[in-house]
Every structure is written in structure tokens, then in C-alpha cells.
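>>> model the following, please.
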Amino acid sequence: ILKEKHVPFEEHYSRRIRKADYEHYDYILAMDDGNIEDIQSIVGLDTKQKIHRLLDFTSNPRNIKDPWYTGNFEECYENIVKGCQAFLESLKI
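Have a look, this model is predicted:
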């Protein structure tokens, strides 16, 4: 899907979240409730409301289904785009 949409990805790498990330970043975005549970197991309780599902910023908050299991990469891509657009809109002052 990324190749079809001309989204570069060759030089991007993930890394495991660290406890210190919670204090360093204003937002920690996740795809689903399971991701949030995993994040909280590392950083602790979200006392500052920094941890959100990406689609929580849309008019239809929900989990983003993992395309590894659903096979629906297009739907996942579209949901990520919607979530990113809504998140960026929420940052406007």
C-alpha cells in the first residue's frame, strides 16, 4: 500500500517504547486497546492523559485492526490517514 501511495518507508525503523518516553513526549499514539495496555505496562499509569488510540481523535473512535491478521491493508492505511489528519487538526490552536 505504501508503494502504491508513494509513501517512502525504506529508512524508517521502529523501537521499543521506554519508560522515559512518557515524560519526554506530549502524546503517545497507539493503534488499539492492546497496544495501550502494552504501553502502560512499560510506562505505568497514564496520569497525564498522554496515551491515546489514533482514531480517538476522529468522530468515530475505535481500534485500528491489524492488517497482519485481517489482510485488509487498504482499510488500515485509510484509518491511519484519517487518524493522523484528525490528530493534526486537534493540535491547531
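>>> which residues of the chain fall in helices?
Per DSSP state H, the chain carries helices over the ranges 21-24, 33-43, 67-70, 73-91.
>>> which of those helices sits closest to residue 50?
Closest approach to residue 50 among those (C-beta to C-beta): helix 21-24, 6.5 Å. Glycine gets a C-beta too; all of them are placed from N, C-alpha and C.
>>> who touches the closest one?
Outside helix 21-24, the residues that touch it by C-beta atoms under 8 Å, 6 or more residues apart in numbering are 28, 43-44, 48, 50.
>>> could you do stretch 49-64 as well?
22, 25-33, 35-36, 39-40, 43, 76, 79-80, 82-84, 86-87, 89-90.
>>> in strands, which of the contacts of helix 21-24 fall?
Among the contacts of helix 21-24, the ones falling in strands (DSSP state E) are residue 28.
>>> pull out the buried residues from the contacts of helix 21-24.
Applying a neighbour-count criterion of 16 or more other C-beta atoms under 10 Å, the buried members of the contacts of helix 21-24 are 28, 43, 50.
>>> and the gap between residue 91 and residue 74?
To residue 74, residue 91 is 27 Å away according to C-beta to C-beta, to the nearest Å.
>>> please apply the same query to residue 41.
According to C-beta to C-beta, residue 41 and residue 74 sit 31 Å apart.
>>> of these two, which one has the most company?
More crowded of residue 41 and residue 74, by other C-beta atoms under 10 Å: residue 74, with 12 against 9.
>>> hang on, isn't that one packed against residue 2?
No. Applying C-beta atoms under 8 Å as the test, residue 74 and residue 2 come out as separate, 11.3 Å apart.
>>> which helices and strands sit right next to the helix or strand of the chain with the lowest mean pLDDT?
Lowest mean confidence among the helices and strands of the chain (mean pLDDT, DSSP states H and E): helix 67-70, at a mean of 95. Applying 3 or more C-beta pairs under 8 Å, 6 or more residues apart in numbering; DSSP states H and E, we find helix 67-70 packed against helix 73-91.
>>> show me what contacts residue 73?
Counted by C-beta under 8 Å, 6+ apart, residue 73 has contacts 1, 67.
>>> got a pLDDT number for it?
Note for residue 73: predicted pLDDT of 95.
>>> alright, calling it a day.
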